[in-house]
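sequence-free structure coming up:
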DNA sequence: GTCTATACTCTGATAGAC
DNA sequence: GTCTATCAGAGTATAGAC
């Protein structure tokens, strides 16, 4: 740091951003966005309020930036997971596990993304709705493909299925504990066991069992 | 009201309580507990701040009272529903539908119960955890009975199933719209269709289909 | 970029007349 | 029980020196 020649400003800036967002996320999760003060955030990332203000002009800006990062991470997570999988069924299975892992692996930003978007108003609120829709469309595309290829019973409404499935996972953030009785693999396995038996057409259900 | 003889104090008091809780719940749902001011609540139920203070000494007391009422209503809902049903399977089906209806029928208090318990701290927080556990135990009992009677595949973990199922329903509060494309019956039917096929032992699955 | 000090606003809660 | 008036505190955001 003493030598200007070996400094990498962009990296430094990213690290600062991460440090701030990480500390803020922890507080937002613990106390909620409204009950967390900018003074607390500043203290948690070793800055004084004035310095934090230099990075983020308003408290809400921190939340917006955090949510952008969180949703990007989520989309990246299921994109990578599905890329590895071979057939469409295993793709969905992998995406499901990826969503679980990204959400519950311990990143407080994910929790904040799910439960604090109500704290945003106006333009910022609308932007997050759009971002959420972008993510949900990834799922919609995957699920529609599955249906068109005959994997799913004809009477299953894929739109409702998506809402139900993602809802079950998202709610896990309220009860999952790292030291609890279930591992992320067990949780994903259980969920998939119920859903796959619940929606697959008989032919593929049989294949899935073997 | 002008004649003291025909006044019914307890009824009046209940009506006042409902009026306050209803108005407060609407605001809490719209803006969140923290962003709602006691002045707003007072105005919404045609009281002045001082008068509201007479009923509830602190803002948090309103939230606690509201949550007590909401959880009581929920427990009453599934209790009544299961009482009407005959066999254990239909009992669970009825309880599931009851939970959906109580949660989504339009009572803002239910939404607040699900998403604002984080606003409580200390003793009040602990009390709500206990109340929630009381409710979850109703479900645990029902589901355990189902398993013991052989309705469920042996490999299904009933504890996890409860968390997944109730999670799927609770999350509905974030997306369900009264004017939306799905009725409460459709939603319940879809959920049951997936879950029942996902967990029932083959023999009962066949019976369920007919 | 970081710090100190502070302006300004709004909040929950209360005191006390009626 | 309801009202008016107000307090004490906390909150965000800012100005300006360094």
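Now that the structure is in, tell me what you want to look at. None of these values were measured; they are calculated from a predicted model.

contact partners of stretch A:196-207?
Contact with stretch A:196-207 is made by A:89, A:93, A:150-154, A:156, A:161, A:208, B:193-199, as judged by C-beta atoms under 8 Å, 6 or more residues apart in numbering or on different chains. All C-beta spots, glycine's among them, are computed from the backbone N, C-alpha and C.

could you give the mean pLDDT of that stretch?
In this model, stretch A:196-207 has a mean pLDDT of 91.

Just the terminal-to-terminal distance for it.
Taking C-alpha to C-alpha, to the nearest Å, the first and last residues of stretch A:196-207 lie 11 Å apart.

Which of the residues in it are classified as buried?
The neighbour-count check on stretch A:196-207 (16 or more other C-beta atoms under 10 Å in any protein chain shown) flags A:196, A:197, A:198, A:199, A:200, A:204, A:205 as buried.

Closest to residue B:121 out of those?
Here the nearest of those to residue B:121, counting by C-beta to C-beta, is residue A:198; it sits at 39.5 Å.

name the element the closest one belongs to?
Assigned by DSSP states H and E, residue A:198 belongs to helix A:184-199.

got the residues of chain A near DNA strand C?
By C-beta under 7 Å from any atom of the strand, the residues of chain A that approach DNA strand C are A:9, A:13, A:47, A:48, A:49, A:50, A:51, A:53, A:54, A:55.

Pull up the gap between residue A:161 and residue A:89, please.
14 Å (C-beta to C-beta, to the nearest Å).

contact partners of stretch A:137-148?
A:75, A:78-79, A:82, A:88-89, A:91-92, A:95, A:152, A:156, A:158-159, A:161-162, A:166.

Same question for stretch A:155-167.
A:96, A:99, A:136, A:139-140, A:143-144, A:146-147, A:152, A:191, A:195, A:199, B:167-172, B:174-175, B:181-182, B:186-187, B:190-191, B:193-194.

Is chain B within reach of the helix or strand hosting residue A:29?
Using DSSP H and E, residue A:29 maps to helix A:9-31. No - using C-beta under 8 Å from any C-beta of the partner chain, helix A:9-31 never reaches chain B; the gap is at least 8.5 Å.

What average pLDDT does the next helix or strand after that helix get?
The first helix or strand that comes after helix A:9-31 along the chain, using DSSP H and E, is helix A:38-44. Helix A:38-44 shows a mean pLDDT of 97.

Distance from helix A:38-44 to the middle of the chain?
Remark: helix A:38-44 is offset 25 Å from the chain centroid, using C-alpha atoms, centre = their mean, to the nearest Å.

just checking, what packs against that helix?
Secondary-structure packing of helix A:38-44 (3 or more C-beta pairs under 8 Å, 6 or more residues apart in numbering or on different chains; DSSP states H and E): helix A:9-31, helix A:49-55, helix A:59-84.

Can you mark which positions in that helix are buried?
Neighbour-count burial for helix A:38-44 flags A:41, A:42, A:44 (criterion: 16+ other C-beta under 10 Å).

do stretch A:55-65 as well
Within stretch A:55-65, the residues that count as buried by 16+ other C-beta under 10 Å are A:55, A:56, A:59, A:62, A:63, A:64, A:65.

Now do residue A:206 against residue A:56, distance only.
Computed as C-beta to C-beta, the residue A:206 to residue A:56 distance reads 55 Å.

swap that for residue A:130, please
Using C-beta to C-beta, residue A:130 is found at 21 Å from residue A:56.

now do residue A:137
Going from residue A:137 to residue A:56 by C-beta to C-beta gives 29 Å.

Apart from its chain neighbours, what residue comes closest to the residue nearest the centre of chain A?
Residue closest to the average C-alpha location in chain A (C-alpha atoms, centre = their mean): residue A:74, at 4.2 Å. With C-beta to C-beta, 6 or more residues apart in numbering or on different chains as the criterion, residue A:74 has its nearest non-adjacent residue at 5.3 Å, and that residue is residue A:102.

mean confidence for the helix or strand hosting the one you found?
Using DSSP H and E, residue A:102 sits within helix A:88-104. Helix A:88-104 carries an average pLDDT of 97.

Need the pLDDT of whichever residue of chain A sits closest to DNA strand C.
Closest contact between chain A and DNA strand C, by C-beta to the nearest atom of the strand, is at residue A:50 (2.6 Å). Reported pLDDT at residue A:50 in the predicted model: 96.
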